[in-house]
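Peer 1: model the structure of this input:
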Amino acid sequence: MKEYKLKINDNNYTVVIKDVTDDAVLAEVNGKKHVVHIDTISNLKATAEIQSTTSIAVPSLSSPAASAHATPGKPAETGDIITPIPGQIISISVSIGEQVRIGQKLLVLEAMKLENSITATMDGTVSEILVAEGDVVNQSQPLIVLT
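Peer 2: Residues are numbered from 1 along each chain as shown. Below you'll find the model as predicted:
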């Protein structure tokens with residue numbers, strides 16, 4: 001179980017994730033249980049959106065590791081590959097100096113018991129790898145820099 005303390009539009013929420021399956025999340029929001037049905041999970045550049053029976057807008061998270069490349073309120077650099085959702089790095093498929101093409105798999109991120117391929121958003125060269133296998137990452141955290 002994970003518990004999140006959120007403040008959205010000056011309202012405090014305590015969200016406890018009770019269970020996650022392939023198509024739903026059982027969440028408790030301020031003591032009230034909700035089933036959040038997952039229609040799709042997409043790899044998005046800056047944010048992730050889950051269609052559900054309960055709508056909870058969650059602001060981007062920031063971490064010390066991300067601060068070197070991304071500043072809250074400022075978009076990531078064009079060549080930054082950032083994580084759309086919090087999770088754990090399972091594998092990295094590229095190395096520094098490697099040429100990549102748009103759509104090429106760069107790494108695998110496990111989130112909500114699902115493996116998500118994170119792909120290149122542009123053609124380029126891998127100039128930095130900012131994470132390692134096993135790292136736990138936050139939403140909007142830079143993972144790889146392409147030039």
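Peer 1: wait, doesn't Gly97 sit right on Thr125?
Peer 2: Yes. Counting by Cβ atoms under 8 Å, Gly97 touches Thr125, with 6.6 Å between them. Placement of C-beta: from N, CA and C, glycine included.
Peer 1: those two: which is more packed in?
Peer 2: Thr125 (14 against 8; other Cβ atoms under 10 Å).
Peer 1: can you list the buried residues in the helix or strand containing that one?
Peer 2: Using DSSP states H and E, Thr125 maps to strand 124-129. Residues of strand 124-129 classed as buried by neighbour count (16 or more other Cβ atoms under 10 Å): 124, 126, 128-129.
Peer 1: can you give me the strands in the chain?
Peer 2: Remark: strands assigned in the chain by DSSP state E are 2-8, 11-20, 24-29, 32-37, 80-82, 87-92, 99-100, 105-111, 114-119, 124-129, 136-137, 142-146.
Peer 1: so of the ones you listed, which one's packed in deepest?
Peer 2: Mean neighbour count (mean count of other Cβ atoms under 10 Å) peaks for strand 80-82 among those, with a mean of 25.
Peer 1: helices or strands up against it?
Peer 2: strand 142-146 (3 or more Cβ pairs under 8 Å, 6 or more residues apart in numbering; DSSP states H and E).
Peer 1: state the pLDDT value of Ser140.
Peer 2: pLDDT for Ser140: 86.
Peer 1: now for it, how many residues are close by?
Peer 2: Ser140 has 25 nearby residues by other Cβ under 10 Å.
Peer 1: pretty sure it is touching Ile85, no?
Peer 2: No. The pair Ser140 and Ile85 does not pass the contact test of Cβ under 8 Å, sitting 9.4 Å apart.
Peer 1: low-confidence bits of this structure, can you list those?
Peer 2: 41-78 (pLDDT under 70).
Peer 1: from the centroid of it, which residue is nearest?
Peer 2: Ile85 (1.8 Å; Cα atoms, centre = their mean).
Peer 1: that residue is in contact with Glu110, isn't it?
Peer 2: No. The criterion here is Cβ under 8 Å, and Ile85 misses it with Glu110 at 10.3 Å.
Peer 1: common neighbours of these two, please.
Peer 2: Asn116 (Cβ atoms under 8 Å, 6 or more residues apart in numbering).
Peer 1: list the contacts of Val25.
Peer 2: Per Cβ under 8 Å, 6+ apart, neighbours of Val25: 17, 19, 35-36, 38, 52, 112.
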